[in-house]
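[1] sequence first, then the predicted structure, then my questions.
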Amino acid sequence: MSEVQLFAEFLKKCSKNHLLDLGKQIHGVVERVGFGLDLVLNNCLIDMYAKCGKMDLAYAVFDKMPERNVVSWTALMCGHLQNGDAKTPLFLFSRMGRSALKPNEFTLSTNLKASGILGIAENGMQIHSVCAKSGFEWAPVVGNSIIDMYSKCGRISEAARMFDTMPVRNLISWNAMIAGYTLQKYGEEALNLFRKMQEIGEIPDEYTYSSTLKACSCLGAVVEGAQIHASLIRQGFAYLVQSTVAGALVDLYVKCGRIVEARRVFDRIEQKNVISWSALILGYAQEDNLPEAMNLFQQLRESSRYQVDGFVLSSLVGVFADFALVEQGKQMHAYTIKVPYGLEISVANSVLDMYMKCGLTDEGDVLFGEMPARNVVSWTVMITGYGKHGIGQKAVDLFEEMKLDGIEPDSVTYLAVLSACSHSGLIEQGQKYFYSYCTNQQSKPQVEHYACMVDLLGRAGRLKEAKHLIETMPLKPNVGIWQTLLSACRMHGDLEMGRQVGQTLLRLDGNNPVNYVMVSNIYADAGHWKDSEKIRYMVKKKGLKKDAGRSWVEIDKEVHFFYNGDDMHPFTEKIHQVLKEMEKRMKEEIGYVHNVNFALHDVEEESKVESLRVHSEKLAIGLALVCGRLEEERTIRIFKNLRICGDCHTFIKGLSKILKIVFVVRDANRFHRFENGSCSCGDYW
């Protein structure tokens, strides 16, 4: 072996093992012995520096080279890609194309991967064309990269066409196609391909299994996932050592609601990673087992073996946001400030979202103002938050400020500002933004944007305009947009239109109990009890069940959940006692009367009152009052999974007046801030 070959081998080992200091020493020796201009050694040096993350040193070598070949350029491209920069390889590829050098299969593969990461199908298709003309299309490394590129760009049919026409496939080809199907939510196709590869004798590896298990997760196919799990055990496959497979199994069981199985796999994993930790933590949170979720997160934080990344931080903050856990959310914010990944913009956006969903708009304002960088998500979170709080004008002002700041609103941002206009009755502004979005050639309005406009018109009582918009829109109306119009019909007591819309809804989605409840309610409001009962009988006959009303309140860092009619809380007797006392005071001081329209009509008047008293939001408020001093001025925060009913809305308004307490209630639609007898929604929800 010559000296040059010996140096090259040493540099390759440094590159493979990321031995930067040793690589620098060898570089120095190469220069001293007069091999500094050798093409092979310089290519090895570029590769070594690039893989060690020192692109400046890689360019220093590249720029001094008297001659370069395709390997020199490709090493630089690979280096950028490995360091998370997918744009520069495409720029270098274009520069190299202007020279006399022709790309090899590794150059093409690298730039196909870069196109896939960026999601730029046009670039990838141009490179695919180069591959076809140069004959590299059928090289396995190139063909596999073409499949991967099309999959990541959402062109799954082109990826499948490439896979089907490949003369030779290897395991990576099968993995790329299965992963592509899984990525694009074609779970059935991924499972079919998994079966087919085994039929022809191809042996799956950890990447095959992890992608296939993810496909099972997307489908909720716990039976198929359990079969794969059983197969892994029978084969003696070391899946508990393979963190990606074990993590995918935990995620599968969590998403299918099998938390016991998920925990059993998790406890047996030899080398746990952050993904499996976060999957299990989120699983417990989704099962409402917040104490265990917090306990696991505490273990994760205290372990020196794991570094909590931005994905985990964002996910956990999202849990606290969904459950509106104020104190835990604040603690997580403090924690994100102390760790490196807490600086990521995605984490900051999650914290911002948490504050807005917890009703802490002032804290959200402060954080938004302090953020060193904001993206379209940051602005959209704030606009959404203001809209949910009924601060529509502020949402509109922020939308205008965002555009002045050079941030282009996306489809979600337009949804947010249209919803904000709807909740605050800003009809002219809402119409302006809607028509602006519809006439913009760069945008493609979705049904949800039309639904926001229907909501805006419907709330304002312009029901005929709203119905006409649905009937003339260029998209097929979905169930949600008809539900929006039906809600407006109920709000304004338009029984005739409500009857028509209700029939349409039940015809489109006859197995959704929500639709039957909405139609039944509009009949009940109009006093058409027979029609109302007929609809409810249909629900019973079909065996449909509506989501139960549930509210919760956080007291001393502990969350208390209540369902309608719940009598399981140890303080139930005290809760009922304090609610009766409040009703009595409100009757005496402000003339409060129960709105029994929100109770069953075929029971005694006294029973109607009792049924209204056990609505979940009232029980949560009752507990808050039992646990605090009534004379102390403060804010009580209540959260509900469904829309607040009219009687509870009236009750809380009156309560805020006689107790001089601020109540903030987040329901499924928006925030209600009750203060001194009025609500921030202006009775417009």
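    Received the coordinates, thanks. Numbering: from 1, shown residues only.
[2] please name the nearest non-neighbouring residue to residue 531.
    residue 523 (4.1 Å; C-beta to C-beta, 6 or more residues apart in numbering). Where you see a C-beta, it was placed from the backbone N, CA and C, and this is true even at glycine.
[3] how far off centre is the helix or strand harbouring the one you found?
    Assigned by DSSP states H and E, residue 523 belongs to helix 513-525. Its chain's C-alpha centre and that of helix 513-525 lie 31 Å apart, by C-alpha atoms, centre = their mean, to the nearest Å.
[4] so which bits of the following helix or strand past it are buried?
    Going down the chain from helix 513-525, the next helix or strand is helix 529-542, by DSSP H and E. For helix 529-542, burial by neighbour count (16 or more other C-beta atoms under 10 Å) applies to 531-532, 535-536, 538-539.
[5] quick one: helix 529-542 to helix 513-525, angle?
    160 degrees (axes from the mean of the first three to the mean of the last three C-alpha atoms, to 10 degrees).
[6] identify the residues contacting helix 529-542?
    510-511, 513, 516-517, 519-521, 523-524, 546, 601-602 (C-beta atoms under 8 Å, 6 or more residues apart in numbering).
[7] within the sheet, what are the partner strands of the next helix or strand after it, with directions?
    Using DSSP H and E, the helix or strand that directly follows helix 529-542 along the chain is strand 550-555. Strand 550-555 has its sheet partners listed here by DSSP bridges as strand 558-563 (antiparallel), strand 635-640 (antiparallel).
[8] with just CA atoms, put strand 550-555 into PDB.
    In PDB, the C-alpha atoms belonging to strand 550-555 read as follows (Å, rounded to 0.1, in the frame of the first residue of the first chain):
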ATOM      1  CA  ARG A 550     -67.200  17.100  30.500                       C
ATOM      2  CA  SER A 551     -65.700  20.000  32.400                       C
ATOM      3  CA  TRP A 552     -62.600  20.300  34.500                       C
ATOM      4  CA  VAL A 553     -60.900  22.800  36.900                       C
ATOM      5  CA  GLU A 554     -57.400  22.900  38.200                       C
ATOM      6  CA  ILE A 555     -57.100  23.500  42.000                       C
END
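[9] chain center to it: distance?
    The answer for strand 550-555 is 23 Å, by C-alpha atoms, centre = their mean.
[10] can you pull out the helices in the stretch 351-500 of the chain?
    For the stretch 351-500 of the chain, helices defined by DSSP state H, counting those that start in this stretch occupy the ranges 361-370, 376-388, 392-404, 411-424, 427-439, 447-459, 463-472, 479-491, 495-508.
[11] can you redo the ones you listed as a markdown table with mean neighbour count?
    Below are these laid out as a markdown table (neighbours: other C-beta atoms under 10 Å):
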| stretch | mean neighbour count |
| --- | --- |
| helix 361-370 | 15 |
| helix 376-388 | 24 |
| helix 392-404 | 17 |
| helix 411-424 | 25 |
| helix 427-439 | 16 |
| helix 447-459 | 24 |
| helix 463-472 | 16 |
| helix 479-491 | 21 |
| helix 495-508 | 17 |
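[12] switch those helices over to CSV; also include distance to residue 265 and mean pLDDT.
    Shown next, in CSV, are the helices of the stretch 351-500 of the chain (distance: least, C-beta to C-beta, whole Å; pLDDT from 0 to 100):
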stretch, distance to residue 265, mean pLDDT
helix 361-370, 37, 93
helix 376-388, 33, 95
helix 392-404, 44, 95
helix 411-424, 35, 93
helix 427-439, 46, 93
helix 447-459, 38, 94
helix 463-472, 48, 96
helix 479-491, 37, 92
helix 495-508, 41, 93
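[13] which among those helices is found nearest to residue 17?
    Proximity to residue 17, assessed across the helices of the stretch 351-500 of the chain by C-beta to C-beta, is greatest for helix 376-388 (38.3 Å).
[14] and the closest one, what does it pack onto?
    helix 345-357, helix 361-370, helix 392-404, helix 411-424 (3 or more C-beta pairs under 8 Å, 6 or more residues apart in numbering; DSSP states H and E).
[15] go ahead and confirm residue 328 touches residue 320.
    Yes: counting by C-beta atoms under 8 Å, residue 328 touches residue 320, with 5.0 Å between them.
[16] what's the most buried one of the strands paired with strand 550-555?
    The highest mean neighbour count among the strands paired with strand 550-555, using mean count of other C-beta atoms under 10 Å, belongs to strand 635-640: a mean of 22.
[17] now do that one against helix 345-357, angle only.
    If you take the same axes, to 10 degrees, strand 635-640 sits at 100 degrees to helix 345-357.
[18] list the contacts of strand 635-640.
    323-324, 326, 358-359, 549-554, 616-617, 620-621, 624-625, 628, 661-668.
[19] starting at the chain centroid, how far to it?
    Chain-centre distance of strand 635-640: 24 Å, with C-alpha atoms, centre = their mean.
[20] what's the local residue count around the residue nearest to residue 531?
    A count of neighbours around residue 523, defined by other C-beta atoms under 10 Å, yields 22.
[21] before we move on, back to that, for the helices of the stretch 351-500 of the chain, give me TSV that also has distance to residue 130.
    Below are the helices of the stretch 351-500 of the chain laid out as TSV (distance: least, C-beta to C-beta, whole Å):
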stretch	distance to residue 130
helix 361-370	45
helix 376-388	33
helix 392-404	39
helix 411-424	34
helix 427-439	38
helix 447-459	40
helix 463-472	47
helix 479-491	45
helix 495-508	48
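[22] which one of the ones you listed lies closest to residue 67?
    helix 376-388 (45.4 Å).
[23] put the alpha carbons of that closest one into CSV.
    Provided in CSV are the C-alpha atoms of helix 376-388 (Å, rounded to 0.1, in the frame of the first residue of the first chain):
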residue,chain,number,x,y,z
VAL,A,376,-46.2,32.2,10.2
VAL,A,377,-47.2,29.8,12.9
SER,A,378,-46.3,32.3,15.6
TRP,A,379,-48.6,35.0,14.1
THR,A,380,-51.4,32.5,13.4
VAL,A,381,-51.4,31.2,17.0
MET,A,382,-51.8,34.8,18.3
ILE,A,383,-54.6,35.6,15.8
THR,A,384,-56.4,32.4,16.6
GLY,A,385,-56.1,33.1,20.3
TYR,A,386,-57.5,36.6,20.1
GLY,A,387,-60.3,35.3,17.9
LYS,A,388,-61.2,32.7,20.5
